[in-house]
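J.: Mind looking at a prediction? Sequence and model below.
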Amino acid sequence: MNLMKMVRNAALAAILLSAGVANAVVLQFTVTGDYTATWQVNANPNPDIASPGEGFILWDVEGFDDAIFGIADLTFYNAAIGGGLEIYDFWNDVYLLSAEGPQLYGGSEENPTFLLGTFALTEFEGTGAYTLTIAEVGAPAAVPEPATGALLIGGLALMAARRRFSKV
């Protein structure tokens, strides 16, 4: 009977130890030229709005000193409609940058992955010229998956319940 308990506990411990973490890579975006800005976003963002074949929007991104609250909404466009990006200060109702260029992400609009590199952008219906550089910021940070916490709690609960009821 003791051997069976040890096997069960070892199996539960193995399940708990098999839970992993996801790596969230943070990217730094730097715009230079007729407009300058620097901000950071995850390499695989979760869009607030995704329009298949058109692009996606990220709301309230921090790092814009010229925006009223230091935050702006970012729209990244699909190459089919001109590519590039828009930076919009929602609270001040002002476009800080509206630029055409290459598509800056791969994958679908619902699940994009930003491309790394340096990209030439031009002002939408204007004469401004910009350079956008997208680069990784340091090493990826370990981010626990929600399932890891649930698995840990569930495993500990099972072990506690098994221990409690095996004494009876």
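T.: In hand now; what should we look at?
J.: so what's Phe56 bridging to?
T.: Ala50, Phe76 (DSSP bridges).
J.: who's in contact with it?
T.: 45, 47-50, 75-76, 105, 109-110, 112 (C-beta atoms under 8 Å, 6 or more residues apart in numbering). (Glycine included, C-beta is placed from N, CA and C.)
J.: and of those residues, the nearest to Gly155?
T.: Pro45 (31.7 Å; C-beta to C-beta).
J.: hang on, the earlier thing: among the contacts of Phe56, who's most crowded?
T.: Highest neighbour count within the contacts of Phe56: Tyr105, with 25 neighbours (other C-beta atoms under 10 Å).
J.: can you pull the contacts of the closest residue to Gly55 other than its chain neighbours?
T.: Once flanking residues are discounted, Gly55 sits nearest to Tyr77: 4.1 Å by C-beta to C-beta, 6 or more residues apart in numbering. Tyr77 is in contact with 54-55, 83-86, 100, 103, counting by C-beta under 8 Å, 6+ apart.
J.: any idea how far Tyr77 is from Gly154?
T.: 43 Å (C-beta to C-beta, to the nearest Å).
J.: ok, now Gly63?
T.: For Gly63 relative to Gly154 (C-beta to C-beta), the value is 39 Å.
J.: Pro47 now?
T.: For Pro47, the distance to Gly154 - C-beta to C-beta - is 31 Å.
J.: now the strands: where do they sit in the chain?
T.: Here the chain has its strands, by DSSP state E, at 21-24, 26-33, 37-42, 49-51, 55-62, 71-77, 85-89, 94-100, 105-107, 112-114, 117-123, 129-136, 141-144.
J.: can the ones you listed go into JSON lines with extra columns for mean pLDDT?
T.: Formatted as JSON lines, these follow (pLDDT from 0 to 100):
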{"stretch": "strand 21-24", "mean pLDDT": "58"}
{"stretch": "strand 26-33", "mean pLDDT": "97"}
{"stretch": "strand 37-42", "mean pLDDT": "96"}
{"stretch": "strand 49-51", "mean pLDDT": "97"}
{"stretch": "strand 55-62", "mean pLDDT": "97"}
{"stretch": "strand 71-77", "mean pLDDT": "98"}
{"stretch": "strand 85-89", "mean pLDDT": "97"}
{"stretch": "strand 94-100", "mean pLDDT": "96"}
{"stretch": "strand 105-107", "mean pLDDT": "97"}
{"stretch": "strand 112-114", "mean pLDDT": "97"}
{"stretch": "strand 117-123", "mean pLDDT": "96"}
{"stretch": "strand 129-136", "mean pLDDT": "96"}
{"stretch": "strand 141-144", "mean pLDDT": "58"}
